[in-house]
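> Here is my input; please provide its structure:
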Amino acid sequence: MQEARLARSEAEQATALARAEAERCRELTGKLKEAARTKQEDRSDNGCVSMAQRRIEELTQELAASTQLVEMLSAEKRGLQQCLEGSLVMEGQGRVIARSWEEQGGSEDTV
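Residues are numbered from 1 along each chain as shown. Next up, the predicted model:
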């Protein structure tokens with residue numbers, strides 16, 4: 001039971017992290033689009049163009065890293081959810097066995 005709660009808590013934390021990272025990805029995408037717009041507007045100024053290109057490269061790398069983190073957190077969440085589901089199944093099987101034992105006249109005192 002405690003393992004199920006722990007797995008659920010970890011799954012919720014992973015979900016929260018994934019959502020936060022997805023929001024960060026959206027923000028980076030917006031920044032990337034803005035940087036691309038800036039690049040087009042400042043084509044006449046070579047200094048700004050090279051600075052914008054560097055910034056676009058930085059943002060692209062940040063976006064790729066964030067996307068990878070979101071994918072990793074999503075995989076971890078799926079694993080934790082499977083663990084939680086397995087714990088709940090095991091818990092249910094334990095109850096069935098205990099009920100069967102009691103129905104057959106067994107008691108925990110005799111064990």
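> quick one, longest helix in this structure?
In the chain, assigned by DSSP state H, the helix with the most residues is helix 46-103.
> Remind me what that one packs against, helices and strands.
Contact here means 3 or more Cβ pairs under 8 Å, 6 or more residues apart in numbering; DSSP states H and E; on that basis helix 46-103 packs against helix 2-41. C-beta: built from backbone N, CA, C; applies to glycine.
> how deep is Ala35 tucked in, by neighbour count?
Ala35 has 20 neighbours, counted by other Cβ atoms under 10 Å.
> Centre-most residue in this structure?
By Cα atoms, centre = their mean, the chain has its centre lying nearest to Leu73, at 3.0 Å.
> Next one: it relative to Arg19, how far apart?
Separation of Leu73 from Arg19 (Cβ to Cβ, to the nearest Å): 9 Å.
> List the residues that contact the residue nearest to Leu17 when sequence neighbours are not counted.
Among residues not flanking Leu17 along the chain, Leu73 sits closest, at 5.2 Å (Cβ to Cβ, 6 or more residues apart in numbering). Contacts for Leu73 were tallied using Cβ atoms under 8 Å, 6 or more residues apart in numbering; they are 14, 17-18, 21.
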